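Peer 1: sharing a model prediction with you, sequence too.
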Amino acid sequence: MSGAFFAGTRPGKTVTYGKATFELPINYYRDDFFALFFTASYEKIKALMPSNNLYPVRAFGGKAVLGFGAYNYIDTTIGPYGEIGVVVPVVYGKKPLPYLPVLLEARYPNFGLLVLHLPVTRVEARDAGRGEWGYTKFMADMHFTITPEYNEVRMDEEDQNILTIRVMKNGVIFRDQKPLVTFSVKNQKLIKTTVAQRGICKKCFLTSGSFLKLGNHPVAQSLKELELSEAPLQTRYYMERSGILPSGVVVEEGVKPMEGYYGKERVARHTVSYLA
């Protein structure tokens, strides 16, 4: 990635939340990122929206879409850590047309991802995320396995399995320079955050070999209730990626609280195995 992408981000604004003191924006220089998208019950997903102005994107058959993105952050300005995002593709302010592939490409006006869960492996990342953006972060153990054929992560909270994700490294290669937009809630304010990114990605609709397995943890049980499709709708694997995470902006006040699962106060494990 060109150093010009990060030009002007340093020196940044230093902030402190809990055990996290860091500069904004947070720069992500290198990571392993892979994702799965599933269909889910539209009615149950819509009931999770903190604002009536957030409309879940509809897939074929009137279903909503639920995504799972796994990040093994290797080099960042807040340190290395693991993170898994459970997100809903949404449009803010206007009900979108029925399923259009462009919605998942973030070109649709006011498109973004509502963050339902965002577990991490470092307390600094948890405190920063909850403090600055209201992201629903909690501490979880993550073991990543990176191979030439697939990327995989198993996530647990101590002896309770939450989920396992595997994404095959198949698909059509494209350059992704579109920003990643998230929606989160802090102090009953809806926060929109635009994350600049640069990456080279493989997108695949033939998802054989890729899977999500949900465990017996309370978070996993809540996800099972959303009636996820058995097979993924789409997978993504990034061969390289960089990002810049700034402060967000308030787009609406007086929305429903969205605290998420807090989990235990603990030190989490983050391991990575690179296999030939």
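Peer 2: That came through fine. Numbering: from 1, shown residues only.
Peer 1: ends of stretch 177-197, how far apart?
Peer 2: The straight-line separation of the ends of stretch 177-197 (CA to CA, to the nearest Å) is 6 Å.
Peer 1: now swap in stretch 142-157 and tell me
Peer 2: 9 Å.
Peer 1: restrict the helix or strand of the chain with the lowest mean pLDDT to CA atoms and write it as CSV.
Peer 2: Using mean pLDDT, DSSP states H and E, the weakest-scoring helix or strand in the chain turns out to be strand 172-176, at a mean of 93. Extracted in CSV, the C-alpha atoms of strand 172-176 (Å, rounded to 0.1, in the frame of the first residue of the first chain):
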residue,chain,number,x,y,z
VAL,A,172,-13.0,-13.0,-8.6
ILE,A,173,-10.2,-10.5,-7.8
PHE,A,174,-11.1,-6.8,-7.6
ARG,A,175,-9.5,-3.7,-6.1
ASP,A,176,-11.6,-2.3,-3.2
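Peer 1: for it, which positions count as buried?
Peer 2: Neighbour-count burial for strand 172-176 flags Asp176 (criterion: 16 or more other CB atoms under 10 Å). In short, each C-beta sits where N, CA and C put it, glycine included.
Peer 1: stretch 70-80 now?
Peer 2: 70-73, 76-78, 80.
Peer 1: apart from its chain neighbours, what residue comes closest to the residue nearest to the spatial centre of the chain?
Peer 2: Geometric centre of the chain, nearest residue: Gly85, 3.0 Å, by CA atoms, centre = their mean. Take Gly85 and drop its neighbours on the chain: the residue closest to it by CB to CB, 6 or more residues apart in numbering is Gly69, 4.5 Å away.
Peer 1: cool, Tyr81 as well?
Peer 2: That would be Arg122: by CB to CB, 6+ apart, it lies 4.0 Å from Tyr81.
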